[in-house]
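>>> Give me a model of this one.
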Amino acid sequence: MLTLLPLRLPSPAAATLPSATFLLAGLARVPVRRTPPGAKMSAAASAPDAAASAATAAATANAGEEGAKEAGDVLVQYVVLRRDLADAWPLGSVVAQGCHAAVAAVWAHRDHPDTAAYCGPDNLDRMHKVTLEVKGETQLKNLAEKLEAAGVRHKLWIEQPENIPTCIATAPCPKSQVSSFFKKLKLCK
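Next up, the predicted model:
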């Protein structure tokens with residue numbers, strides 16, 4: 001039997017959190033029918049499952065058609081790092097620069113419908129990011145200028161207090177609208 005223990009946090013804030021009993025009170029119990037090992041189901045018992053399987057297959061086929069249409073226009077976030085920094089800085093520091101830029105781009109454009117869809121609960125486990133690299137600061141600034149001129153929503157991350165441009169991240173955009181800006185860049189390795 002599963003026993004729920006009270007949540008213990010090493011913080012005074014724990015006293016302000018609702019108890020686990022309160023949080024789980026609204027959950028309904030769903031009975032689970034189990035078939036003993038080796039037992040065969042009758043045709044009548046399996047008929048509802050067959051109907052459900054057919055409905056699921058039809059829904060999957062429709063979703064597959066819609067997915068094929070949307071596959072070319074998937075929402076994607078591009079993150080472009082400087083290769084020269086990746087060679088000179090610790091890996092964690094370079095990764096942090098990309099994280100800063102990605103979060104800043106999402107936050108700055110949080111009210112845009114593409115960002116809302118990208119961060120929506122149905123997409124959280126299916127986000128698409130492409131991490132690329134440029135040779136150095138000049139190439140990064142040139143890319144930022146091209147994106148700005150084309151009206152592509154992005155964030156050029158400038159590390160402070162050193163004032164070093166380290167990374168660009170786009171806001172989530174349909175791939176078909178922005179991929180042309182990144183075709184000549186290499187995947188970050």
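>>> Secondary structure element for the closest residue in space to residue 93 that isn't next to it in sequence, which one?
The spatially closest residue to residue 93, leaving aside those adjacent along the chain, is residue 85, at 8.0 Å (CB to CB, 6 or more residues apart in numbering). Where C-beta positions appear, they are placed from N, C-alpha and C, glycine not excepted. In this structure, residue 85 sits in helix 83-88 according to DSSP states H and E.
>>> Which positions within that helix qualify as buried?
Residues of helix 83-88 classed as buried: 83, 85, 86 (neighbour count, 16 or more other CB atoms under 10 Å).
>>> measure the first one to residue 172 for me?
The spacing between residue 83 and residue 172, counted by CB to CB, to the nearest Å, is 24 Å.
>>> Check the second one too.
For residue 85, the distance to residue 172 equals 24 Å [CB to CB].
>>> quick one, strands of this protein?
Taking DSSP state E to define them, one finds strands in the chain at 75-82, 129-134, 154-159, 164-170, 173-174, 186-187.
>>> Tell me the strands beside the third one, with direction?
Partner strands and pairing direction for strand 154-159 (DSSP bridges) are strand 164-170 (antiparallel).
>>> For the strand it pairs with, list the C-alpha coordinates in PDB.
Taking Å, rounded to 0.1, in the frame of the first residue of the first chain, the C-alpha atoms of strand 164-170 are listed here in PDB:
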ATOM      1  CA  ILE A 164      31.200  40.900 -24.500                       C
ATOM      2  CA  PRO A 165      28.600  39.800 -27.100                       C
ATOM      3  CA  THR A 166      28.500  36.000 -26.400                       C
ATOM      4  CA  CYS A 167      25.300  34.500 -27.900                       C
ATOM      5  CA  ILE A 168      22.200  35.100 -30.000                       C
ATOM      6  CA  ALA A 169      18.900  33.300 -29.300                       C
ATOM      7  CA  THR A 170      15.800  33.800 -31.400                       C
END
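>>> Report the buried residues of that strand.
Burial within strand 164-170, assessed by neighbour count using 16+ other CB under 10 Å, is assigned to 165, 166, 167, 168, 169, 170.
>>> Let's have these in TSV, adding pLDDT.
Listed next are the buried residues of strand 164-170 as TSV, based on pLDDT from 0 to 100:
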residue	pLDDT
165	97
166	97
167	97
168	98
169	98
170	98
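>>> and residue 116, how many neighbours does it have?
One way to gauge burial is a neighbour count; for residue 116, by other CB atoms under 10 Å, it gives 13.
>>> try residue 188
Quick note: residue 188 (other CB under 10 Å) scores 18 neighbours.
>>> Find me the pLDDT at residue 174, would you?
Residue 174 carries a pLDDT score of 96 in this model.
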